[in-house]
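> Compute the structure for the input listed below.
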Amino acid sequence: MGGHQRRLFEALVREHAQALDLFLRALLRDPGDVDDVFQEALIVAWRRLADYDPERRFGPWIRGIARRIALHRAHAAGARPVLTLDAAAIDALEGRIVHVESLPGEAMEDRLEHVGRCVEALPERMRDALRYRYDDELGANAIGERLGLTGPNARKVLERARARVADCIRRRLAVMGGTT
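Next up, the predicted model:
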C-alpha cells in the first residue's frame, strides 16, 4: 500500500481511536485485553484496508473488527468471563457510539462534550453510578455496595442514567437544530 493509503489510514485511526477505546473498555473486563484487542484490530484493519468501503463509516467498520476479535477471545477463554456485555447490549452500545459520532463538532472530544455536560446535569447518585461503571470499571454488585443498593437496583440506576443522558443529548441537538 502506498504512502497516501497509509496517511489516510492513520488519519482515520486518529479520528476513531477514542471511540474504539471507549467501546472496548465497555465491552471487555480486563484492561490488558482492551489494549491487546485495540492493537490487534488496528493490525487487522490495516491488512484488510482494501476491503474497506469508503462510502461507509470507518468507525463502525473498525469496531466491527474489534468486536469479532473480542468475541473470538471470549470463545477461546471458555469459562473465564471476558466480555461485560451480551450481544444485544453490544449492539446498543455501537448504536450509541454511532449517535455520538454524528453529533456536531469536528472532533470526538467536541462530540463527547455534549455527553459530559449531560452527565454533569444528572443527580449525584446517577453520576456516581456512571463513574463507578465506566471510570472504575465496576460491576453492578460493586456499584450497589458503594451506593448502598442491591446489584439489581444499581443496574436500574445505571439504566435510568443512560436513558437520561440519551434524552439530554437529543434535547441539546434539537436546540442546536441537529437531527436525532
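> Going by C-alpha atoms from here, please, whenever you check contacts or count neighbours.
OK.
> how about Leu28, phi and psi?
Its backbone dihedrals place Leu28 at phi -110, psi 140, with angles given as degrees, to the nearest 10.
> Does it touch Val34 like I think?
Yes: in this structure, Leu28 is within contact of Val34 by CA atoms under 8 Å, at 6.3 Å.
> in which helix or strand would I find Val157?
Taking DSSP states H and E as the definition, one finds Val157 inside helix 151-176.
> Oops, could you answer that again for Phe23 instead?
Under the criterion of DSSP H and E, Phe23 resides in helix 3-27.
> and after that helix, which helix or strand comes next?
With elements assigned by DSSP H and E, the helix or strand that comes after helix 3-27 is helix 31-47.
> Just the residues contacting that next one, thanks.
Contacts of helix 31-47 with the rest of the structure, by CA atoms under 8 Å, 6 or more residues apart in numbering, involve 9, 13, 20-21, 24-25, 28, 62-63, 65-66, 69-70.
> Please give me every residue in contact with Asn153.
Under the criterion of CA under 8 Å, 6+ apart, the contact partners of Asn153 comprise Gly144.
> Name the residue closest to the centre of the chain, please.
Phe23 (2.8 Å; CA atoms, centre = their mean).
> Surely that residue and Leu93 touch.
Yes: with contacts defined as CA under 8 Å, Phe23 counts as touching Leu93 at a distance of 7.4 Å.
> List the buried residues in stretch 144-158.
Of all the residues in stretch 144-158, those buried under the rule 16 or more other CA atoms under 10 Å are 144, 147, 149-151, 153-155, 157-158.
> gap between it and the chain center?
Offset of stretch 144-158 from its chain centre (CA atoms, centre = their mean, to the nearest Å): 22 Å.
> same check, this time on stretch 131-148
If you compare the mean C-alpha spot of stretch 131-148 with that of the full chain, they lie 18 Å apart, counting by CA atoms, centre = their mean.
> Turn the contacts of helix 31-47 into a markdown table, including pLDDT.
As requested, the contacts of helix 31-47 are arranged in a markdown table below (pLDDT from 0 to 100):
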| residue | pLDDT |
| --- | --- |
| Phe9 | 83 |
| Val13 | 87 |
| Leu20 | 89 |
| Asp21 | 87 |
| Leu24 | 87 |
| Arg25 | 82 |
| Leu28 | 81 |
| Ile62 | 93 |
| Arg63 | 91 |
| Ile65 | 94 |
| Ala66 | 93 |
| Ile69 | 92 |
| Ala70 | 87 |
